[in-house]
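A.B. asks: Generate a structure from the sequence data that follows.
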Amino acid sequence: MAEVDDLDVDINEYNDDFESLISVLFPNTTDLPASYSSYLNEISSYGIDKLSVQPAILEDEYEKILDDTKDLAFNHYRTIIDSADCIEYVYKGVQKIDTEVDLLIDTDLPKLSDNCLSFFEEINIINKEREENLFLVQQQSTIMEFLEIPDLMNICIQRCCYTEALELKEFAEDISQQYPDLELISQINDKVQENSQVLLNILLSELCEKSSLSDTRNLVSYIRRMDIYTEKELKVLFLKCKDEFIDKEIEASMKGKTLFLKLDKMIYNTRSSLRDVLLQYTTIFLKDKQSDVVLNSWILHRINIFLSILKQYLSDITEGRFLMNILTSCMNLGKYLGNSFGIDFRSLLPPIFEKCILDIYTNNLRIATEQFPALLRKYKNLSSYEGLASYNDDEDNVGPPVILVEFPPLAMLTNRLLSNFNDLRKCWPVSLQEPLTSLLSDCLTSNFTQMRQFILSGISKPANQHLYIKFCKVAIEDFLPYILQCFASIYPESKFDIDAVSIAEPLREFNEVNYLK
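C.D. replies: Okay, the predicted model is just below:
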């Protein structure tokens, strides 16, 4: 009893610090329900007697609760079973909901999020397109004008409004540079470039035709404004077009009736065309009149073409008077180009004309030599022409000896040779002195050989013997000296003499008196 009293005393000593005691006995009271705390507060206020009977009270309450539970389970068995089933059903439903929620979080929600983002993006695109469409509606007139640029440019080209067409081209190119990624702009620019090519072809075709200086300057300025060629390329292009123009002019001049008219017109057209082209080129491209390699090369090209055409057609010229006129025209052309533009090609003409002169001279001598035997046979009856002229020994007479009329073959041969000399009298080249002298010597030698055969065929007849002797005398004393005198007048200071003795050698034996010196 004393021990109990001591405990009671000890407990009483700690009544003031109840909370400290509770925390010592039940360190986890903070985690207990609130009813536990109320019960502890209640029993802590009991005395020892009352507190000692609390276990029995609690046991009775426990048994009562257990009996009530059994009674409840017995009387409400079906309800408990249904509650258990309900709990199981609810538990499974909660598990299913939990699984579906997990699936929704892991799979469907990201998809939903992506779809929402896509939806927002589509909404933005639609809004942007709507804004663009609204802007297009507001700018419809401006857009229609821009879409009409290719057609408008084509109309300008057809109406020769080249300045306006180039302005449209430049505007389209500027817009294309500002908006290089717009397909519509690119398509319009492509059509504009196609029209630009058409315009370029038209300008080049007009440049290939005859045009005035102002028109040519405008055409070149249009091409330069298109910014396709460099300055050097533009020069070459200009000269190429003018090359085609000159070729057309020369081709048109070759439609004349006679060869002389063709060449004469060709030279005239070449002169006028070169004059126009050179004047246009120096005015447009050579501001300071400086030398130009492109122009010099082109001029050399044109001169070579002119000389090749001249060579081609001069070979068909058979008359010296025509040749002289052509030579004069060519020399005047070379002089004009030399004085006006420093292009004097006259030094290239002599070899061409010398060949033609030599061909004409050779051909005339050949014809005279080939036809002379026929003349001898045709006029073999010398007695028919005896006495038509008196023997004339006048040394001052500059014309042919009159005695030649009594011998028609000699007279006709003289006329042919004189015609050959007169045909080329204005264009005898000094460089051909030797070959011309040699050709004449060969011709006369052949003629005298033919005369010998003619005399041998008729001198055997005594009745005509004196006529053949006279024929021989006239050939040696009149015909041959006169021809040599005429040829010497062409080359008065000739270094190449014709050997008259050798030429007359075939007839010497038939001459009664030797007049040769």
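A.B. asks: and the host helix or strand of Leu166, what does it pack onto?
C.D. replies: When secondary structure is defined by DSSP states H and E, Leu166 falls within helix 162-178. In this structure, helix 162-178 packs against helix 149-158, helix 183-207, helix 213-225, with contacts taken as 3 or more CB pairs under 8 Å, 6 or more residues apart in numbering; DSSP states H and E. (C-beta placed from N, C-alpha, C; glycine too.)
A.B. asks: Next, the angle helix 149-158 makes with the longest one.
C.D. replies: I take that to be helix 183-207. Using axes from the mean of the first three to the mean of the last three CA atoms, to 10 degrees, one finds that helix 183-207 and helix 149-158 are set 10 degrees apart in direction.
A.B. asks: other SSEs contacting helix 183-207?
C.D. replies: By 3+ CB pairs under 8 Å, 6+ apart, helix 183-207 packs against helix 149-158, helix 162-178, helix 213-225, helix 231-253.
A.B. asks: in the last one, what's buried?
C.D. replies: Under the neighbour-count criterion of 16 or more other CB atoms under 10 Å, helix 231-253 has 234-235, 237-239, 241-243, 245-246, 249-250, 253 buried.
A.B. asks: Stretch 308-320 too?
C.D. replies: When neighbours are counted by 16+ other CB under 10 Å, the buried residues of stretch 308-320 are found to be 309-310, 313-314, 317, 320.
A.B. asks: Closest one of the residues you listed to Phe135?
C.D. replies: Comparing the buried residues of stretch 308-320 against Phe135 with CB to CB picks out Ile309 as the nearest, at 67.1 Å.
A.B. asks: SS state for Thr142?
C.D. replies: Per DSSP: H, G, I helix; E, B strand; the rest coil, the secondary structure class of Thr142 is helix.
A.B. asks: which stretch among the helices and strands packed on helix 162-178 comes nearest Asp106?
C.D. replies: With CB to CB as the criterion, Asp106 lies closest to helix 183-207 of those, at 43.8 Å.
A.B. asks: ok and that closest one relative to helix 213-225, angle-wise?
C.D. replies: Orientation note: helix 183-207 sits at an angle of 150 degrees relative to helix 213-225 (the same axes, to 10 degrees).
A.B. asks: mean confidence for helix 183-207?
C.D. replies: Mean per-residue pLDDT for helix 183-207: 90.
A.B. asks: which residues sit against it?
C.D. replies: Among residues not part of helix 183-207, those counted as contacts by CB atoms under 8 Å, 6 or more residues apart in numbering are 146-147, 149-150, 153-154, 157, 162, 165-166, 168-169, 172-173, 175-176, 179-180, 215-216, 219-220, 222-223, 226, 228, 237-238, 241-242, 245.
A.B. asks: What subset of the residues you listed is buried?
C.D. replies: Buried subset of the contacts of helix 183-207 (neighbour count, 16+ other CB under 10 Å): 146, 149-150, 153-154, 157, 162, 165-166, 168-169, 172, 175-176, 216, 219-220, 222-223, 226, 237-238, 241-242, 245.
A.B. asks: circling back: in a markdown table: the helices and strands packed on helix 162-178, plus distance to Ser44.
C.D. replies: Putting those into a markdown table (distance: least, CB to CB, whole Å) gives the following:
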| stretch | distance to Ser44 |
| --- | --- |
| helix 149-158 | 104 |
| helix 183-207 | 92 |
| helix 213-225 | 114 |
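A.B. asks: List the contacts of the residue lying closest to Ile367 once chain neighbours are set aside.
C.D. replies: The spatially closest residue to Ile367, leaving aside those adjacent along the chain, is Arg416, at 7.4 Å (CB to CB, 6 or more residues apart in numbering). With contacts defined as CB under 8 Å, 6+ apart, Arg416 is in contact with 364, 367-368, 371.
A.B. asks: Of the residues you listed, just the buried ones, ChimeraX syntax please.
C.D. replies: Here is the ChimeraX command that selects only those of those that count as buried (16+ other CB under 10 Å):
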select :364,368
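A.B. asks: Could you list which of the contacts of Arg416 belong to strands?
C.D. replies: Within the contacts of Arg416, no residue falls in strands by DSSP state E.
A.B. asks: and the nearest residue to Leu259 once chain neighbours are set aside, what are its phi and psi?
C.D. replies: Residue nearest to Leu259 in three dimensions, not counting chain neighbours: Asp316, with 5.6 Å by CB to CB, 6+ apart. According to degrees, to the nearest 10, the main-chain angles of Asp316 amount to phi -100, psi 0.
A.B. asks: any idea how far Asp316 lies from Leu424?
C.D. replies: Going from Asp316 to Leu424 by CB to CB, to the nearest Å gives 16 Å.
A.B. asks: which SSE is the residue nearest to Ile367 in?
C.D. replies: Using DSSP H and E, Arg416 maps to helix 408-423.
A.B. asks: Tell me the helix or strand right after that helix.
C.D. replies: Toward the C-terminus, helix 408-423 is succeeded by helix 433-458 as the next helix or strand (DSSP H and E).
A.B. asks: quick one: that following helix to chain centroid distance?
C.D. replies: Mean-position distance between helix 433-458 and its chain equals 64 Å (CA atoms, centre = their mean, to the nearest Å).
A.B. asks: Please report the distance of the nearest residue to Ile490 once chain neighbours are set aside from Met412.
C.D. replies: Once flanking residues are discounted, Ile490 sits nearest to Trp428: 5.4 Å by CB to CB, 6+ apart. Trp428 sits 23 Å away from Met412 when distances are taken as CB to CB.
A.B. asks: and if you look at Ile299?
C.D. replies: Separation of Ile299 from Met412 (CB to CB): 49 Å.
A.B. asks: which strands and helices sit next to the helix or strand encompassing Ile305?
C.D. replies: In the assignment (DSSP H and E), Ile305 maps to helix 293-314. Using 3+ CB pairs under 8 Å, 6+ apart, the elements in contact with helix 293-314 are helix 231-253, helix 259-284, helix 320-341, helix 349-378.
A.B. asks: and the residue nearest to Ile490, what pLDDT?
C.D. replies: According to the predicted model, the pLDDT of Trp428 comes to 78.
A.B. asks: Please work out how many residues are found near it.
C.D. replies: 15 (other CB atoms under 10 Å).
A.B. asks: That one touches Phe487, doesn't it?
C.D. replies: No. Under the criterion of CB atoms under 8 Å, Trp428 lies out of contact with Phe487, with a separation of 10.1 Å.
A.B. asks: pretty sure Asp423 is in contact with Thr318, am I right?
C.D. replies: No. At 9.3 Å, Asp423 and Thr318 do not qualify as touching, with contact defined as CB under 8 Å.
A.B. asks: which residues are common contacts for the two?
C.D. replies: With CB under 8 Å, 6+ apart applied, the overlap between the contact sets of Asp423 and Thr318 consists of Ile360.
A.B. asks: returning to that earlier point: quick one: the helices and strands packed on helix 293-314 as a markdown table, columns for distance to Ile43 and mean pLDDT too.
C.D. replies: Compiled in a markdown table, the helices and strands packed on helix 293-314 are given as follows (distance: least, CB to CB, whole Å; pLDDT from 0 to 100):
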| stretch | distance to Ile43 | mean pLDDT |
| --- | --- | --- |
| helix 231-253 | 119 | 91 |
| helix 259-284 | 127 | 88 |
| helix 320-341 | 140 | 85 |
| helix 349-378 | 152 | 87 |
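A.B. asks: can you list those in CSV and add distance to Ile483?
C.D. replies: Putting the helices and strands packed on helix 293-314 into CSV (distance: least, CB to CB, whole Å) gives the following:
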stretch, distance to Ile483
helix 231-253, 40
helix 259-284, 29
helix 320-341, 18
helix 349-378, 11
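A.B. asks: For stretch 416-427, list the C-alpha coordinates in PDB.
C.D. replies: Listed in PDB are the C-alpha atoms of stretch 416-427, where the atom choice follows Å, rounded to 0.1, in the frame of the first residue of the first chain:
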ATOM      1  CA  ARG A 416      43.400  42.300-184.200                       C
ATOM      2  CA  LEU A 417      46.800  43.200-182.700                       C
ATOM      3  CA  LEU A 418      46.000  46.900-182.600                       C
ATOM      4  CA  SER A 419      42.600  46.100-181.000                       C
ATOM      5  CA  ASN A 420      44.400  44.100-178.400                       C
ATOM      6  CA  PHE A 421      46.800  47.000-177.700                       C
ATOM      7  CA  ASN A 422      44.100  49.600-177.600                       C
ATOM      8  CA  ASP A 423      41.900  47.400-175.400                       C
ATOM      9  CA  LEU A 424      44.500  47.500-172.700                       C
ATOM     10  CA  ARG A 425      46.100  50.800-173.500                       C
ATOM     11  CA  LYS A 426      45.100  52.500-170.200                       C
ATOM     12  CA  CYS A 427      46.000  49.700-167.900                       C
END
